[in-house]
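[1] just coords:
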């Protein structure tokens, strides 16, 4: 069955790029409505769909743009939390142009959703079943979707900085795996990139407390890493959030090599423009059990930072 929140939950924090305080309220939504964003600071609370077709070109984060031009940025961590908690329907009210970065991970969203409770709805879950392999590339970066019974991920990153280096992780995201192993992994960046972005008037809300900042072999953020491979775990978190913009859960295997937000979006566009590569299915209980968030309990958050 589909699911939504039992009650509304709210967050406030600084936006990564604007540096201004933003307030977010996530409301329950009726079955089959999907995920929507509402810019409450704009006249008539402009509505923006959480859909891959609403993503304009943006490499630093995932941005959505409505038909009337209203935009909302940095949605990937919230989208990952919704998908990872098995929440299919929600209205996200935001009083600014971007979501707050919070601690740089999806854990604050996940914790609030589980505290509020998740309500089952009397509507079946529909999913996107991948039927044949689809790949997109950009230079030495590659992203692939291939058939699999549930949502699986295989991600590899490769950075010059020794503090990150080459990392690979493979995971089946069924049964709360995202919450247990991935949701607390923070966004990461190189100190040189932070300096360049700030010089360009970007990342004004970024600090060493809401991102893992590295410089060569040194981790500059207080407390160091939450996981030795936190960087690749965060890339998988981002990928889950970007894949959630398909509009329904995906039954397939995502393989990423140095992939980022735009490449994952291009992958979805390639999938849905390829006849015979996918189909919509009504999930059987067995298929639904393989989706992220199914069977999730508060105990899955016990060891999360």
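    Here it is on my side, so go on. Quantities reported herein were computed from a predicted structural model and do not represent experimental measurements.

[2] Can you give me the domain boundaries for this protein?
    3-120, 126-301 (automatic domain parsing).

[3] In three-state terms, how would residue 13 be classified?
    The three-state assignment at residue 13 reads strand, by DSSP: H, G, I helix; E, B strand; the rest coil.

[4] For it, which residues count as its bridge partners?
    Taking DSSP bridges as the rule, residue 13 bridges to residue 22.

[5] residues touching it, list them.
    Contact criterion C-beta atoms under 8 Å, 6 or more residues apart in numbering gives 21-22, 100-102 as the residues in contact with residue 13. For the C-beta atoms, the positions are set from N, CA and C on the backbone; glycine is no exception.

[6] which of these are buried?
    Burial by neighbour count, 16 or more other C-beta atoms under 10 Å: within those this picks out 22, 100-102.

[7] if we take those residues, which one ends up nearest to residue 72?
    residue 22 (10.0 Å; C-beta to C-beta).

[8] And the pLDDT at the closest one?
    pLDDT, residue 22: 95.

[9] for the one 4 residues further on, same thing?
    The model reports residue 26 with a pLDDT of 98.

[10] How about the one 3 residues further on?
    Predicted confidence (pLDDT) for residue 29: 97.

[11] Surely it and residue 91 touch.
    Yes. With contact defined as C-beta atoms under 8 Å, residue 29 and residue 91 form a contacting pair (4.9 Å).

[12] where do the contact lists of these two overlap?
    With C-beta under 8 Å, 6+ apart as the test, residue 29 and residue 91 both reach residue 36.

[13] and the most centrally placed residue in the chain, backbone torsions?
    The residue lying closest to the centre of the chain (C-alpha atoms, centre = their mean) is residue 241, at 2.1 Å. Dihedral angles phi and psi of residue 241 (degrees, to the nearest 10) take the values phi -60, psi -40.

[14] That one reaches residue 74, doesn't it?
    No. At 9.9 Å, residue 241 and residue 74 do not qualify as touching, with contact defined as C-beta under 8 Å.

[15] list the residues that contact both of these two?
    Here residue 241 and residue 74 share the contacting residues residue 62, scored by C-beta under 8 Å, 6+ apart.

[16] coming back round to it: of the contacts of residue 13, closest to residue 255?
    Nearest to residue 255 among those, counting by C-beta to C-beta, is residue 101 at 27.6 Å.

[17] Leaving out chain neighbours, which residue sits closest to the closest one?
    residue 16 (4.1 Å; C-beta to C-beta, 6 or more residues apart in numbering).

[18] Could you verify that residue 238 is part of a helix?
    Yes. Counting by three-state DSSP, residue 238 is found in a helix.

[19] Now do the contacts for it.
    For residue 238, counting by C-beta under 8 Å, 6+ apart, the contacting residues are 62, 76-77, 80, 187, 260-261, 264.

[20] Tell me, how many residues neighbour residue 135?
    12 (other C-beta atoms under 10 Å).

[21] if I look at it, how far off is residue 293?
    For residue 135, the distance to residue 293 (C-beta to C-beta, to the nearest Å) stands at 27 Å.

[22] likewise residue 281?
    18 Å.

[23] Can you redo the contacts of residue 238 as CSV, where the extra columns are secondary structure and pLDDT?
    Rendered in CSV, the data for the contacts of residue 238 read as follows (DSSP: H, G, I helix; E, B strand; the rest coil; pLDDT from 0 to 100):
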residue, secondary structure, pLDDT
62, coil, 95
76, helix, 97
77, helix, 97
80, helix, 98
187, coil, 92
260, coil, 94
261, helix, 96
264, helix, 97
